[in-house]
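# coords please:
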Amino acid sequence: MASVLAPPRPKSYDDTFFKPISLWLTTTDHKLIGIMYMTTGMLAFVLGGILALVMRIQLAQPNLKVIDAETYNQLLSAHGTTMIFFFVTIFMTGVANYMVPILIGARDMAFPRVNLLGFWLIPMSIAIYYAGFFTGGAMDAGWTGYPPLSTKQFNPGLGVDLWAFSLILWCVSGIMASVNFLTTIVALRAPGMKFSRLPLFVWAQISTSILLLAVGAPLAAALFLLELDRQAGTTFFASNGGRPVLFQHLFWFFGHPEVYILILPGFGMVSEIVPVFARKPIFGYTSMVAALFGIVFLSMAVWAHHMFTVGMNIYVETWFMVMTMLIAVPTGIKFFNWIATAWGGSIDFQVPMKYVFGFMATFLIGGITGVYLSSVPVDTQLHQSYYVVAHFHYVMVGGSVFTLLAGTQYWFPKITGRMLNKTLGEWSFWLFFVGFNGTFLVMHTLGLEGMARRIYSYPGGFGEEGWGATNMFITVFSFVIAASVLVFIYNLVVSWKHGPPAGDDPWGGNTLEWATTSPPPPYNFDKVPVVRSNMPLRDMRADGLRPPLEHQALASHNS
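You can find the predicted model right below:
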């Protein structure tokens, strides 16, 4: 059934994805810009994953010499920088670019040209950073770039300078995107779409944009001061009179909210997916929104829990310990509401829903280990161990990558007009779930046994032989993750052109993106409907303007 809200898209738009490169270089269509963001992020994911596999091969057994220590440090820095800054944030920005205007009934972003400029700063940022590998060596001071390791005295090459300049551009792009999102949501909503009726993914993007506006500038300032130390001889952070710990405060004032900048869009995706596949309205809409902003404010009061080993005053440490424990409360509220939404529902276990349950299982482990690490005595013992590596990946991959993959599976039919292959989707999910837990769950034991993080090799003598067996186990399962990603990308590429037609609303969705054609026309909607609730498509079905849900589901399965 054709959409009543948008006429059949012109034949010229069917071939948009295969137009000359000049169209992609100059477009101001938020949907095409969103696809470019997502493609850039996925390429960064592949690159960061390759770097991780090389490091895992090096650590598979004691005393290996696959790469030397300096190269390992460069790859470690590149892996962290790529995954944090160039993959998850960029991909999530792409999803938001594509979906937010459609979700609120807008024709485009508020500032289309600013939107395009913000995107093109990202490939420039990535190219500048990776140029370090061809100019004498990339940064090898960890992805955090702590002084004095990143000062001219200890790191005289161009790698740190390129890293700093790259991330300053990244901050500028993020600030531009955040202003654009907030302006679009405030000014361009459909008639009747009050703030109390916004989709939860849109609320998640509001909270993400506020966070990035608040903490992006301090990171850029810290990097600028670091460059002054390196190039002008100032002593903000340098060891000859400066304060290296000040850089850590500035970095983590950005760095911990950045965790939620990566995760909050994923929370929004989950909040859209669960009601659709549980066939129930979201439980506790108001409390879900309140929890998002509870996370926003608390996330800016916990940054120094990354610094419990630097010698802060005990009263300061106690404050950050309590705040870190407290931030589990709004996240717990969201978990409770998702479970309550699914509980008693008629759950359809499609691939997006499986990724959601995978997210809930893995992120819960990351959250629990985070509560342990919020304790100053515990963190003091485990801070430099592989326990923290395991915790970090359960939070970041569990909270970001699982949700990102769920959202991609969910919105792929809307973006392309095609369904993904369900069998390949099942394979990619189970390989990823098993591979991820096989890789990172046992890392907790490595940390408890004393293996330090950020080492490129380790001895195999008496008392340490268990590390080799565990590391080999981890390395094998890391390649299972790689296999999952290959299956996922293959599914995307093949289904993009050859997948069965999806129709306008294959899942029986609740929000406005399913009210227009798949993919949407350049103008999104010919006539934007008046919104009466936070589930406008359910209202339209009640009014007889959409086919019954059973027909939508049947069409989805037949396709």
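
# In contact with Phe297, which residues are there?
Phe297 makes no contacts at all, as judged by Cβ atoms under 8 Å, 6 or more residues apart in numbering. From N, CA and C alone the C-beta is placed, and that goes for glycine too.

# Quick check: which element contains it?
helix 285-299 (DSSP states H and E).

# can you tell me which residues contact Ile67?
Ile67 neighbours (Cβ under 8 Å, 6+ apart): 54, 58, 75, 456.

# Distance from the chain centre to the helix holding Phe297, please.
From the chain centre to the centre of helix 285-299 is a distance of 18 Å (Cα atoms, centre = their mean, to the nearest Å).

# buried sites along that helix?
285, 287-289, 291-292, 294-296, 298-299 (16 or more other Cβ atoms under 10 Å).

# Wait, a strand at Gly192?
No. Going by DSSP: H, G, I helix; E, B strand; the rest coil, the assignment for Gly192 is coil, not a strand.

# Run through the residues that contact it.
530-532.

# make it 10 Å
105, 528-533, 536 (Cβ atoms under 10 Å, 6 or more residues apart in numbering).

# Where does pLDDT dip in this structure?
1-19, 461-465, 545-559 (pLDDT under 70).

# Could you check how far the residue nearest the centre of it is from Gly332?
The residue lying closest to the centre of the chain (Cα atoms, centre = their mean) is Val88, at 3.4 Å. Val88 is 23 Å from Gly332, where distance means Cβ to Cβ, to the nearest Å.

# same check, this time on Ile126
Relative to Gly332, and taking Cβ to Cβ, Ile126 is found at 36 Å.

# Which one's more surrounded, those two?
Shown here are Ile126 and Gly332; by other Cβ atoms under 10 Å, Ile126 has more neighbours (22 against 13).

# and that one, what element?
helix 112-130.

# From Thr362, how far off is Phe402?
Applying Cβ to Cβ to Phe402 and Thr362 gives a distance of 6 Å.

# nope, Ala221 is what I meant
Counting by Cβ to Cβ - Ala221 and Thr362 are separated by 34 Å.

# Comparing these two, which shows the higher neighbour count?
Thr362 (23 against 14).

# I'd like to know how many residues surround the nearest residue to the more buried one once chain neighbours are set aside.
Of all residues not flanking Thr362 in the chain, Gly398 sits nearest, at 3.3 Å (Cβ to Cβ, 6 or more residues apart in numbering). Taking other Cβ under 10 Å as the criterion, the count of residues near Gly398 is 25.

# And for Leu25?
Neighbour tally, Leu25, other Cβ under 10 Å: 10.

# ok, and for the host helix or strand of it, which residues are buried?
Element membership for Leu25 (DSSP H and E) is helix 21-26. Neighbour counts over helix 21-26 (16+ other Cβ under 10 Å) mark Trp24 as buried.

# what does stretch 222-235 give?
222-223, 225-227, 229-230.

# distance between it and the chain's centre?
So, by Cα atoms, centre = their mean, the centroid of stretch 222-235 is 30 Å from its chain's centroid.

# can you list contacts of that stretch?
Against stretch 222-235 from outside (Cβ under 10 Å, 6+ apart): 145, 147-148, 150-153, 155-156, 160-161, 163-168, 170-171, 236-243, 246-254.
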